[in-house]
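In: Give me a model of this one.
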Amino acid sequence: MQLTIRHETRYLYTAPLAYTIEQLHMTPRKEPQQQVQSWHLNVPGHVHAYTDAFGNLSHMMTMDVPHRGLDIVASGIVETTAPLKGRVPNGDALSPLLFTAPTRLTGATPGILELAASCLPDGRAQSRDLMSLAEHIFGAVRYQSGATAVTTTASDALALGQGVCQDHAHLFLACCHAHGIAARYVSGYIDPEESDHAASHAWVDAWVEDKDYHGWISIDVTHARLMTDAYCRLAIGRDYDGAAPIRGVRRGGGIESMEVKVDISAR
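Out: A predicted model of the protein is given here:
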């Protein structure tokens, strides 16, 4: 599948900013199932490109002159293929054990432990166990745009019974980590087709031990399905904080407003 993607983020402020620094994960990862045909990142200020500890293609943007807004635009064409049974190669040198520790957003609570115990064995899992967990989360936390924020924890989303894709991903990670199963956060894009869900998306990779395969499979918890060629992967991390498309700090600016527009077409 060929995905044509344009992701525009605009920040506006009620007062001038003296300084802004942003970490950007807005360039598709180099992976066997996705090939970048063209990609352009239009960013103001000073930009430094680097590869982070998780193998994500990253940029650090700094603005040290007075400004009242920022426009960040990423666009390009990515050719994707569907991974067999959702299996994505472990092409990096990182141990899966790195992705077994809980984070601020994925800590376990009694409710999470109960949900995890209903689906998962301890220490290892097969694909059917993980798909069962995704289906349970899909039923327990209804998709509702605007119900949560990027600071919402997995336990908060479970208690609320509503959330968005990042909440589904965090809850899945929390359940896996509670049973010692490696799982990591994925940020990227999805061809929305006729869905109401945003084209900017989050899902998970989880470590399985099936009879014929030991490794990562990629699961879209929000749709309770395996990753297909409709997905483009930007970054992996332990949670949203490590894989967010844009994350940073500023000095000054007063009140911030943000507009995000993502357009994806597929053929």
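In: Kindly confirm my reading that residue 23 forms part of a strand.
Out: Yes - note on residue 23: a strand contains this position according to DSSP: H, G, I helix; E, B strand; the rest coil.
In: tally of neighbours for it?
Out: Neighbours of residue 23 under the rule other CB atoms under 10 Å: 18. All C-beta spots, glycine's among them, are computed from the backbone N, C-alpha and C.
In: what's the nearest residue in space to it that is not next to it in sequence sitting at in phi/psi?
Out: Closest residue to residue 23 in three dimensions, ignoring its sequence neighbours and counting by CB to CB, 6 or more residues apart in numbering: residue 247, at 5.2 Å. Backbone dihedrals for residue 247, given as degrees, to the nearest 10, come out at phi -150, psi 130.
In: thought residue 247 was touching residue 21?
Out: No - counting by CB atoms under 8 Å, residue 21 is not a contact partner of residue 247; they are 9.9 Å apart.
In: For the residue nearest to residue 23, give its distance to residue 93.
Out: Here the distance between residue 247 and residue 93 works out to 25 Å (CB to CB, to the nearest Å).
In: didn't residue 173 look like it was pressed against residue 181?
Out: No - in terms of CB under 8 Å, residue 173 does not count as a neighbour of residue 181; the distance is 9.5 Å.
In: which of those two has more neighbours?
Out: Comparing residue 173 with residue 181 by other CB under 10 Å, the one with more neighbours is residue 173, at 29 against 26.
In: Report pLDDT for the more buried one.
Out: At residue 173 the predicted local distance difference test score is 98.
In: does it count as helix, strand or coil?
Out: helix.
In: same thing with residue 114?
Out: Going by three-state DSSP: residue 114 is helix.
In: and it, how far is that from residue 76?
Out: In terms of CB to CB, residue 114 sits 43 Å off from residue 76.
In: Looking only at neighbour counts, state which of the two leads.
Out: Shown here are residue 114 and residue 76; by other CB under 10 Å, residue 76 has more neighbours (18 against 11).
In: if you count what's nearby, which of residue 247 and residue 93 comes out ahead?
Out: Applying other CB under 10 Å to residue 247 and residue 93 shows that residue 247 carries more neighbours, namely 15 against 6.
In: what separates that one from residue 215, distance-wise?
Out: With distances defined as CB to CB, the gap from residue 247 to residue 215 amounts to 29 Å.
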